[in-house]
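[1] Here's a sequence, model it:
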Amino acid sequence: HLATLTGHTDSVTCLAIGKNNLLISGSDDSTIKMWGKPMSDLTEHTFALGHTLNEHTACVWSVSLSPAQDKLYSASGDRTVRVWSVADGCPLAKLCGHTCEVHAVIVAKTGTIFSASNDNTVRVWSGVDGRLLRTLYHHTGSVFSLSLSHDDEVLSSSNDRTVARVCSR
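    Reported below is the predicted structural model:
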């Protein structure tokens, strides 16, 4: 039996699953919701809403957890990547630099943050201080997705019909 979680006011656009029964959802309603199973209800298919994160001003397209799962990263149509505390849902940082919607965000095992945007770029950010490390121009069209391999290499895909390899080392 599947759990049905009700809380967003528009389409749910992305999900992330973490340890300790943590489920994170992002939506067209510009919010992120953090759900968890109550300890008294671990055998049931129910989740309780923990935190609602409201800092984005446009659709949340992607959510990703840090390797230690203490931080949450979100990508939005408001052209930002945001960093959140998983423990309390508090905002920790706002990464600005993209000139169009940000469609994807992932975090390498090293803590390096990668974001992909309609501005045809992949941006690489420091996981320590959020500083922009470099901007990659591998695509001639919007970059919609990022994927992380087991050995920490990042792949990006674009509507220019290409897949590019971005090394995270």
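
[2] Give me the distance between Asp70 and Cys90.
    Between Asp70 and Cys90 the distance is 12 Å, computed by CB to CB, to the nearest Å. Where you see a C-beta, it was placed from the backbone N, CA and C, and this is true even at glycine.

[3] cool, Asp119 as well?
    With distances taken as CB to CB, Asp119 is found 28 Å from Cys90.

[4] And those two? Which one has more around it.
    Asp119 (19 against 11; other CB atoms under 10 Å).

[5] May I have the secondary structure class of the more buried one?
    coil (DSSP: H, G, I helix; E, B strand; the rest coil).

[6] ok now do it, which residues does it touch?
    Taking CB atoms under 8 Å, 6 or more residues apart in numbering as the contact definition, Asp119 lies against 98-100, 142.

[7] What does the pLDDT read for the most centrally placed residue in the chain?
    Closest to where the C-alpha atoms of the chain average out (CA atoms, centre = their mean) is Val63, at 2.3 Å. For Val63, the pLDDT comes out at 98.

[8] do the same with Arg161
    Reported pLDDT for Arg161: 95.

[9] State the helix or strand in which it lies.
    With secondary structure defined by DSSP states H and E, Arg161 is part of neither a helix nor a strand.

[10] What count of nearby residues applies to it?
    What Arg161 shows, counting by other CB under 10 Å, is a neighbour count of 9.

[11] which non-adjacent residue is nearest it?
    Computed as CB to CB, 6 or more residues apart in numbering, the closest residue to Arg161 that is not its neighbour in sequence is Gly141, at 7.9 Å.

[12] which ones are touching Thr112?
    Residues in contact with Thr112 (CB under 8 Å, 6+ apart) are 124-127, 133, 168.

[13] One more: Trp35?
    Trp35 sits next to 5, 22-25, 47-50 when contact means CB under 8 Å, 6+ apart.

[14] pretty sure it belongs to a strand, no?
    Yes: using three-state DSSP, the assignment for Trp35 is a strand.

[15] Flag the shaky bits of this structure, pLDDT-wise.
    1-3, 38-45, 168-169 (pLDDT under 70).

[16] just checking, Ile113 touches Leu92?
    No: in this structure Ile113 lies outside contact range of Leu92 using CB atoms under 8 Å: 12.0 Å.
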